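Chemist: Need the 3D shape of this:
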Amino acid sequence: MDLGLVDKVCIVTGSTAGIGLAVARQLRAEGALVVTSGRSEDGIGDLHVRADLSRPGGPERVVGAADERFGRVDCLVNNVGWAEIHRFEELTEEIWERSWQLNVMSAVRATQAVLPGMRERRAGAIVNVSSTAAKRPSTGMPEYSVTKAAMLSLSRLVADLYAADGIRCNAVTPGPTATGAWLGQGGLAEQQGEREAVFARVAAGRPLGRYAEPDEIAAVIVFLCSERASYVTGAAWSADGGTVPIII
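Modeler: This is a model prediction of the structure:
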């Protein structure tokens, strides 16, 4: 299936590992011109921009570098994010602020930076990576749940505001995914107890009985970037193995 992504300029934030890296690889395989970003010096993109996306100016610098190299941005994937296990009553102002800046404001700033060019060309696709925790909050990740819920609201807002300009905006809500964030040393599984035991328990809690693979989440994101999703906007696509059921 031709997704119509050849020579499309696509920014993927937080794309040096995990879901973001899988998205970047799949976009490149479709012939897109990919801009990767993150705190690492190296990335697989046609252009890689090292940036702290949690700080004002970081997302804007990534967008500016893409504009300078390629003259436009066709697709933006706001993937960068951060989560830790916390008790709600123990959350400090610092933790709330850190989560808000990286999980929400990075996407706000990047989106504001790409909008002028997309509106001028009357075309663009934005995909925000949220979480199942946005729909059904995780009691062990309270600040993550709240900020990822904000990403759903941001997605719908941008979709409503800029549909008439030819800009689509959608969200994806992954469940637990087999990345370093969950399974690595010090990751979310290990933070909750013995890593292998937590891994097995969390996997068994999905109707499909396993974690997602990064490529499975990336495939949904890449589709939403593509011309095959030309009539899809303002949606929140679950990619969670049936974790959060549809309410009818």
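Chemist: mind listing the helices for this structure?
Modeler: Ranges of helices in the chain, per DSSP state H, are 18-29, 58-70, 93-100, 106-121, 132-135, 142-162, 180-183, 188-191, 195-204, 214-225.
Chemist: could you redo these as CSV and give each row mean pLDDT?
Modeler: Shown next, in CSV, are these (pLDDT from 0 to 100):
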stretch, mean pLDDT
helix 18-29, 96
helix 58-70, 98
helix 93-100, 95
helix 106-121, 98
helix 132-135, 88
helix 142-162, 96
helix 180-183, 61
helix 188-191, 57
helix 195-204, 64
helix 214-225, 96
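Chemist: closest one to residue 240 among these?
Modeler: helix 132-135 (4.6 Å; CB to CB). Yep, even glycine has a C-beta here, placed from its N, CA and C like the rest.
Chemist: per-residue pLDDT, residue 2?
Modeler: Here the pLDDT value assigned to residue 2 is 89.
Chemist: same thing with residue 141?
Modeler: Note on residue 141: pLDDT of 84.
Chemist: can you count the residues close to it?
Modeler: Other residues within reach of residue 141, judged by other CB atoms under 10 Å, total 21.
Chemist: Domain map for this protein?
Modeler: Residue ranges for the domains of the chain, per automatic domain parsing: 9-175+214-239, 178-211.
Chemist: end-to-end on the longest one?
Modeler: Across its full length, domain 9-175+214-239 reaches 25 Å end to end, with CA to CA, to the nearest Å as the criterion.
Chemist: One more: the last one?
Modeler: Using CA to CA, the gap from the first to the last residue of domain 178-211 comes to 6 Å.
Chemist: Please apply the same query to stretch 101-109.
Modeler: Chord length of stretch 101-109, first to last residue, is 10 Å (CA to CA).
Chemist: Residue 3: which of the domains of the chain is closest?
Modeler: domain 9-175+214-239 (3.7 Å).
Chemist: starting at the chain centroid, how far to that closest one?
Modeler: A distance of 4 Å separates the centroid of the chain from that of domain 9-175+214-239, by CA atoms, centre = their mean, to the nearest Å.
Chemist: Look at the residue nearest to residue 48 when sequence neighbours are not counted and say how many residues are nearby.
Modeler: Nearest residue to residue 48 in three dimensions, chain neighbours excluded: residue 36, at 4.7 Å (CB to CB, 6 or more residues apart in numbering). Neighbourhood size, residue 36 [other CB under 10 Å]: 29.
Chemist: try residue 146
Modeler: Using other CB under 10 Å, residue 146 has 19 other residues around it.
Chemist: Need the pLDDT of the closest residue to it other than its chain neighbours.
Modeler: Residue nearest to residue 146 in three dimensions, not counting chain neighbours: residue 137, with 7.4 Å by CB to CB, 6+ apart. pLDDT for residue 137: 87.
Chemist: who's in contact with residue 137?
Modeler: Counting by CB atoms under 8 Å, 6 or more residues apart in numbering, residue 137 touches 145, 146, 149.
Chemist: so the last one touches residue 132, yeah?
Modeler: No: counting by CB atoms under 8 Å, residue 149 stays clear of residue 132, with 10.9 Å between them.
Chemist: Among these two, which residue is more densely surrounded?
Modeler: The neighbour comparison of residue 149 against residue 132 (other CB under 10 Å) goes to residue 132, with 21 against 17.
Chemist: Next up, the contacts around the more buried one.
Modeler: For residue 132, the contact set (CB under 8 Å, 6+ apart) comprises 173, 174, 175, 238, 240, 243, 244.
Chemist: same thing but 6 Å
Modeler: 173, 175, 240, 243, 244 (CB atoms under 6 Å, 6 or more residues apart in numbering).
Chemist: and what of residue 145?
Modeler: 133, 137, 138.
Chemist: who does the longest strand seen in the chain touch, helix- and strand-wise?
Modeler: Longest among the strand segments of the chain by residue count, using DSSP state E, is strand 167-174. Judged by 3 or more CB pairs under 6 Å, 6 or more residues apart in numbering; DSSP states H and E, the packing partners of strand 167-174 are strand 124-129, helix 142-162, helix 214-225, strand 236-239.
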